[in-house]
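Colleague: Could you look at this predicted model? Sequence included:
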Amino acid sequence: SQQGEEDPQALSIQEGENATMNCSYKTSINNLQWYRQNSGRGLVHLILIRSNEREKHSGRLRVTLDTSKKSSSLLITASRAADTASYFCATFGNQFYFGTGTSLTVIP
Amino acid sequence: DAGVIQSPRHEVTEMGQEVTLRCKLISGHNSLFWYRQTMMRGLELLIYFNNNVPIDDSGMPEDRFSAKMPNASFSTLKIQPSEPRDSAVYFCASSDHMGEQYFGPGTRLTVT
């Protein structure tokens, strides 16, 4: 069941710029995960951040988590055309929730 | 490991027919998730299993949908009878409980 939102719904940037996507949720969580989906494909796991963590890095990805505000952000630095995809956050607590996704377009 | 395997990849059927979607989990994973994705409703969790036991089926649309795990590595999602509004891409995913989920390639279902 869906219980939160992601914003923006769509984002278009130039190659080399940074992209920031936000996710909000409503209930307490054990962890929050970010996934990427290329058109017509299954989702691919990017990064997991636990509820007691505030920030996590993986390559060009940086995720922050603010449990007091029930929000998370995903930052992709130095974007590439290959980063064009939809990005979803997923929270895991008493229920499982996937956000509505942000469609990112990186223009070469 | 070949990852999560789904079959068929595409299914076209007529309204009223029974549809069975299949999923093979990654070896060693103990959680299985079925999702449905449409443009209108996005990605919806239908049901998930842990250690072969259904934990949350609140996302199953109605009695026409049923899911089973006859063993630890295999699951089916059945729609009977199918309706045009069931047209969607159905994904299954497996994980080692609360960890990252590995998604299959999906089954694109079209009900005419």
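Modeller: In hand now; what should we look at? As the structure is a computational prediction, the values presented were derived from the model and not from experiment.
Colleague: Name the residues linked to the residue of chain B at minimum distance from chain A by a beta bridge.
Modeller: Residue of chain B nearest chain A, by Cβ to the nearest Cβ: B:Phe103 (3.5 Å). C-beta here means a position set from N, CA and C on the backbone, and glycine is covered the same way. Legend: beta-bridge partners of B:Phe103 under DSSP bridges are B:Ala93.
Colleague: before we move on, what about A:Ile49?
Modeller: With DSSP bridges applied, A:Ile49 shows beta-bridge pairing to A:Leu32.
Colleague: One more: A:His57?
Modeller: Beta-bridge pairing for A:His57 (DSSP bridges): A:Arg62.
Colleague: for the residue nearest to B:Thr110 when sequence neighbours are not counted, phi and psi?
Modeller: The shortest distance from B:Thr110 to any non-neighbouring residue, by Cβ to Cβ, 6 or more residues apart in numbering or on different chains, is to B:Val12 (4.7 Å). The phi and psi torsions at B:Val12 (degrees, to the nearest 10) take the values phi -120, psi 130.
Colleague: So B:Val12 sits against B:Thr107, correct?
Modeller: No. Using Cβ atoms under 8 Å, B:Val12 makes no contact with B:Thr107, being 11.2 Å away.
Colleague: For those two, work out which one has more neighbours and name it.
Modeller: B:Thr107 (21 against 12; other Cβ atoms under 10 Å in any protein chain shown).
Colleague: wait, what's in contact with that one?
Modeller: By Cβ atoms under 8 Å, 6 or more residues apart in numbering or on different chains, the contact set of B:Thr107 is B:6-11, B:21, B:89-91.
Colleague: so can I have TSV of those showing secondary structure and pLDDT?
Modeller: Converted to TSV, the contacts of B:Thr107 look like this (DSSP: H, G, I helix; E, B strand; the rest coil; pLDDT from 0 to 100):
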residue	secondary structure	pLDDT
B:Gln6	strand	97
B:Ser7	strand	97
B:Pro8	coil	97
B:Arg9	coil	96
B:His10	strand	97
B:Glu11	strand	97
B:Leu21	strand	98
B:Val89	strand	97
B:Tyr90	strand	97
B:Phe91	strand	97
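Colleague: Quick one: the strands in chain A, in order.
Modeller: A:5-7, A:10-14, A:19-24, A:29-37, A:43-50, A:55-58, A:61-66, A:71-76, A:85-93, A:96-98, A:102-107 (DSSP state E).
Colleague: Can I get the fifth one in CSV, CA atoms only?
Modeller: Backbone C-alpha positions of strand A:43-50 (Å, rounded to 0.1, in the frame of the first residue of the first chain) are rendered in CSV as follows:
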residue,chain,number,x,y,z
LEU,A,43,13.9,-2.7,-10.6
VAL,A,44,17.6,-2.7,-9.6
HIS,A,45,18.6,-2.1,-6.0
LEU,A,46,21.0,0.9,-5.6
ILE,A,47,21.5,1.5,-1.9
LEU,A,48,20.1,0.6,1.6
ILE,A,49,20.2,2.9,4.6
ARG,A,50,19.1,1.7,8.0
